[in-house]
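Peer 1: With the input below, show me the fold.
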Amino acid sequence: MSEQPSTDTIAGPTRFGARTVVGHVDVDTLTPRRIKAMLAGAESGDLSAQSALFERMEEKDGELDAYLRTRKAGVARLRYDIQAADPGPEAQEAVELCRGIVERIPDLPQAIFDLLDAVGKGFSVLEIEWETRASGRGGWRPARLIWRPQRWFRAAEDGQTLLLRDEGGEGLPLNPLNFVLHRVRARSGFCARTSLLRSCVRAFVVRHFAWKDWMAFAEVYGMPPRLGWLREDVPWDSQEARELWEAVRALGMDAAAVVREGNRIEVLDSRSAGEGQIFERILDRAGREMTLAILGQLLTSGGEAGGSYALGQVHNEVRWDLVEADAQALGRTLTEQLLRPIVELNLGAERPVPRWRFHADRPEDLGQLATTVKTLSEAGLPIPMGWAYEKFGIPQPAQGESVLGDSDGGENHE
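Peer 2: Purely as a prediction, here's the structure:
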C-alpha cells in the first residue's frame, strides 16, 4: 500500500481510447453472437464490453431499472452513523475526527448511491479527490468522491484485482488510498462472473426482441391482409403490376384504391391472427426471471397475481434480508476504504478505526405489537407509557390538550 495518496485524480476521462464518456454498445444491433463475445471477453480480463452492455440493459428496460433501484434505494434511504471502535480516548478522538470530515464531504448521499451500483454490476468504484493542509487536525480530507464507470477498468490475470484501463492495454494498479472499491458478489467466482446482471442477460435479450416484434405486430394489427390478383399474362415487372402493388398498400393505409379493369384485390379475414398475447407472455416470463434474480421474490414487485397477504409478508422478509446484506457489505467497505485512510493519514496507523454502520432495522407490524402490548398489560405486566409513545410514534399530550377516547370527546388531559 502506498504511504500517501495522490492529490491529483488519475482516473479521469479521456477524449478517445480507453476511458471515453460515450458508451459503444448499440442495443438495437445486438445478436446472440455479439453478446457471447462480450461475456467471453470479460472472462479474459476485458470488462469494458460487458460493463457497457450492463449500462444499456438498465437504460433500455424500465422494469430491470426499477428492480435495481428498489435494491439500491433500500440501503440508500437507511440512517447511518459512525461508531467508535471502543470507549477509550483514542477511539473517541478518531470517531470525532471522522464524523467531522465525513459531514463536509459534498454529495455524500449520491456517492453512497453510486457505490450501490455494485449491486447489479458486481463492483463500483469511487475515486477520492484528497485535499490536504500542511499541519493541523484533519490535514487530509476527501474533497470529493467521484464515480468512475466500470468499463474504465479491467481485471488482472488473477481474475480478481482491478486495474485502471490505459492506452497501453496493460492496466494501471490502483492506489487503495485513492479509491473506494465496493464489491457485491451474486455468486462465487472471478470478477467477470460474479455480477447479478450477468444472470439477467438472457431475460433482457428475450424481452428486447419480444418488444420489437410486438411493436411491429401492433403497427399492422387491425389491418386485414390484402391480396392483389394481377391480370393473366401481365408481366410482374410491368408498370401495371407496380400500380396494383401500390393499390394494395394504399388500401391498408388510405382505405381506398384504384385498379385496372380485370385486376382485383381480395381482403382477407384477420380475426384469426390473434392479438399478440404470445409477446405479452414472453415479456412476463422474462420479467419474472429478472425479478427473482434481483429481488429474490415476486409478490412485492407486483409480478405474482393472487398472492395472499401472509405470503406477501414472508416474501417481504426475503427482500429485507437482501437489504440487510447489502447494508452490511457497504458498511464494511466504507469502514475499511474511507474511514481507515482518514484515521491513518491524520492520526497514524496505530489508532483504532471507527465503524460505519447502517441501521437496517426491520419494519415492525404495529398492529401485532399493539395486540401484544394489550395482552401483556391485561396480564399485569407494567409497561412504561413513554416507551409505548415512542414505539408507536405518538406524541405525548401536553397538559390540558384534548385526547382521543375521552368520554365526552373533548375532555382535557390532566
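
Peer 1: C-alpha only now, for contacts and for neighbours.
Peer 2: Fine.

Peer 1: How is the chain divided into domains?
Peer 2: Domain assignment of the chain by automatic domain parsing yields the ranges 27-204+312-358, 222-273, 373-414.

Peer 1: for the helix or strand hosting residue 68, packing partners?
Peer 2: Using DSSP states H and E, residue 68 maps to helix 62-76. When contacts are defined as 3 or more Cα pairs under 8 Å, 6 or more residues apart in numbering; DSSP states H and E, helix 62-76 packs onto helix 48-60, helix 108-115, helix 118-121, helix 277-295, helix 309-334.

Peer 1: Which of the domains of the chain sits closest to residue 16?
Peer 2: domain 27-204+312-358 (9.4 Å; Cα to Cα).

Peer 1: Contact partners for the closest residue to residue 290 other than its chain neighbours?
Peer 2: Ranked by Cα to Cα, 6 or more residues apart in numbering and with sequence neighbours excluded, the top spatial neighbour of residue 290 is residue 200, at 5.8 Å. For residue 200, the contacting residues are 289-290, 293, by Cα atoms under 8 Å, 6 or more residues apart in numbering.

Peer 1: which residues of this structure fall in strands?
Peer 2: In the chain, the strands defined using DSSP state E lie at 80-83, 123-132, 140-148, 153-155, 162-164, 172-173, 179-183, 226-229, 264-267, 355-358.

Peer 1: Need the winner for burial among those strands.
Peer 2: Among these, ranked by average contacts under mean count of other Cα atoms under 10 Å, first place goes to strand 153-155 (a mean of 25).

Peer 1: name the helices or strands packed onto that one?
Peer 2: strand 162-164.

Peer 1: centroid residue for the chain?
Peer 2: residue 68 (2.8 Å; Cα atoms, centre = their mean).

Peer 1: doesn't residue 294 make contact with that one?
Peer 2: Yes: counting by Cα atoms under 8 Å, residue 68 touches residue 294, with 6.8 Å between them.

Peer 1: Name the stretch among the helices and strands packed on helix 62-76 that sits most buried.
Peer 2: Among the helices and strands packed on helix 62-76, helix 118-121 has the highest mean neighbour count (mean count of other Cα under 10 Å), at a mean of 25.

Peer 1: tell me the mean pLDDT for it?
Peer 2: In this model, helix 118-121 has a mean pLDDT of 92.

Peer 1: Work out the gap between it and the centre of the chain.
Peer 2: 7 Å (Cα atoms, centre = their mean, to the nearest Å).

Peer 1: rewinding a little: now do the buried residues in the helix holding residue 68.
Peer 2: The neighbour-count check on helix 62-76 (16 or more other Cα atoms under 10 Å) flags 64, 67-72, 74-76 as buried.

Peer 1: What lies in contact with it?
Peer 2: Contacts of helix 62-76 (Cα under 8 Å, 6+ apart): 57-59, 109, 112-113, 116-117, 119-120, 287, 290-291, 294-295, 301, 322-324, 326-327, 360.

Peer 1: Now do the phi/psi pair for residue 11.
Peer 2: According to degrees, to the nearest 10, the main-chain angles of residue 11 amount to phi -110, psi 30.
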